[in-house]
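> sequence and predicted structure below; questions after.
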Amino acid sequence: MKWYSQSFSYDDPWATVALAYFLRYPNPHASHIISCDVISRNLTSEGTMKTSRLILKRGILPKWAPRGIISRAESWVIEESEVDPEGKTVQCVTRNLDHVKVLQVIESVALTDAGGRTVQRSEARVISRFGWGLARRIESLGVNRFKSHLEKSREGISLVLRLIHESRLQPFSLASTGTVFDRPLYSGHSYKPPLPPDLPEGDTSGLPAGTTPYVQTEIPPTWRKFKAWFHWR
């Protein structure tokens with residue numbers, strides 16, 4: 001197992017950075033992110049908000065990787081977070097759900113208030129249970145890619161922070177649905193919310209009056225696709 005941690009400070013207040021963190025996808029610095037869907041969200045009796053999101057990422061295998069080491073270069077990742085608006089903290093843990101024998105990355109992110117600024121502390125545990133004497137090499141690859149993605153993640157959050165300032169979006173506010181956390185801000189990306197099953201783009205037939213062709217179904221298509229894959233496994 002290899003372990004890596006890094007801290008970074010944003011000049012913006014915690015409320016704004018927390019909002020940007022949840023709105024960071026899509027952005028041009030995260031082209032490896034294919035989709036991101038909220039699968040659950042609830043307010044606790046302590047006044048915190050817990051959210052689970054399912055993320056599909058695209059990866060690239062190194063040239064030295066044995067042929068057939070994994071069946072595809074995509075990976076499902078579960079992100080579980082808890083936001084405490086009173087204590088001004090965000091705790092978030094992400095981990096991949098497949099390819100775990102070859103490589104598992106468990107990432108922890110904490111956003112804390114620092115007197116008008118915001119500190120982000122990121123930690124990663126990288127574990128490979130692969131044989132053939134490649135485990136340590138795979139773990140080193142995982143750490144190096146985590147470092148690279150961490151830098152791109154900061155660039156993406158910084159871009160979203162600028163967009164928040166430009167749009168004058170109200171910083172962090174806990175609503176009953178939490179939909180403010182799911183509103184894409186970056187319009188220069190080829191991202192679209194998922195279409196309902198079997199509904200062609202632009203076709204509003206069968207939808208309630210006044211709704212747009214792009215709607216979030218009760219069970220997101222990505223979540224349905226994941227469940228079908230998990231059942232097949």
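Now that the structure is in, tell me what you want to look at.
> all helices of this structure, in order?
14-22, 135-167, 221-232 (DSSP state H).
> I'd like those helices written out as JSON lines, with distance to residue 32 added.
Backbone N, C-alpha and C define where each C-beta goes, glycine included. As requested, those are exported to JSON lines (distance: least, C-beta to C-beta, whole Å):
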{"stretch": "helix 14-22", "distance to residue 32": "18"}
{"stretch": "helix 135-167", "distance to residue 32": "8"}
{"stretch": "helix 221-232", "distance to residue 32": "15"}
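> most tightly packed of these?
helix 14-22 (a mean of 23; mean count of other C-beta atoms under 10 Å).
> what would that one look like as CSV? C-alpha coordinates only.
Presented in CSV, the C-alpha positions along helix 14-22 are these (Å, rounded to 0.1, in the frame of the first residue of the first chain):
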residue,chain,number,x,y,z
TRP,A,14,-15.5,28.1,2.9
ALA,A,15,-19.1,28.5,1.7
THR,A,16,-18.0,29.4,-1.8
VAL,A,17,-15.4,26.7,-2.1
ALA,A,18,-17.8,24.1,-0.8
LEU,A,19,-20.3,25.1,-3.5
ALA,A,20,-17.6,25.0,-6.2
TYR,A,21,-16.4,21.5,-5.0
PHE,A,22,-19.9,20.0,-5.6
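> averaged pLDDT, it. What do you get?
For helix 14-22, mean pLDDT rounds to 95.
> show me what that helix is packed up against.
Here helix 14-22 touches strand 89-96, strand 104-113, strand 118-127, helix 135-167, going by 3 or more C-beta pairs under 8 Å, 6 or more residues apart in numbering; DSSP states H and E.
> picking that back up, among the helices of the chain, which is nearest residue 110?
helix 14-22 (10.9 Å; C-beta to C-beta).
> okay, the angle between that closest one and strand 118-127?
40 degrees (axes from the mean of the first three to the mean of the last three C-alpha atoms, to 10 degrees).
> next, the angle from helix 14-22 to helix 135-167.
Using the same axes, to 10 degrees: helix 14-22 against helix 135-167 is 120 degrees.
> quick one: low-confidence parts of the chain?
Scanning the chain with the threshold set as pLDDT under 70 gives 169-233.
> partner residues bridging the spatially most central residue of the chain?
Centroid-nearest residue in the chain, with C-alpha atoms, centre = their mean: residue 55, separated by 5.6 Å. Beta-bridge pairing for residue 55 (DSSP bridges): residue 36, residue 77.
> compute the number of surrounding residues for the nearest residue in space to residue 8 that is not next to it in sequence.
Nearest residue to residue 8, sequence neighbours excluded (C-beta to C-beta, 6 or more residues apart in numbering): residue 120, at 4.9 Å. Around residue 120 there are 20 other residues, counting by other C-beta atoms under 10 Å.
> pretty sure residue 120 is touching residue 7, no?
Yes - between residue 120 and residue 7 there is a contact at 6.9 Å, judged by C-beta atoms under 8 Å.
> OK, contacts around residue 110?
89-92, 120-121 (C-beta atoms under 8 Å, 6 or more residues apart in numbering).
> same thing but 7 Å
89-91, 121 (C-beta atoms under 7 Å, 6 or more residues apart in numbering).
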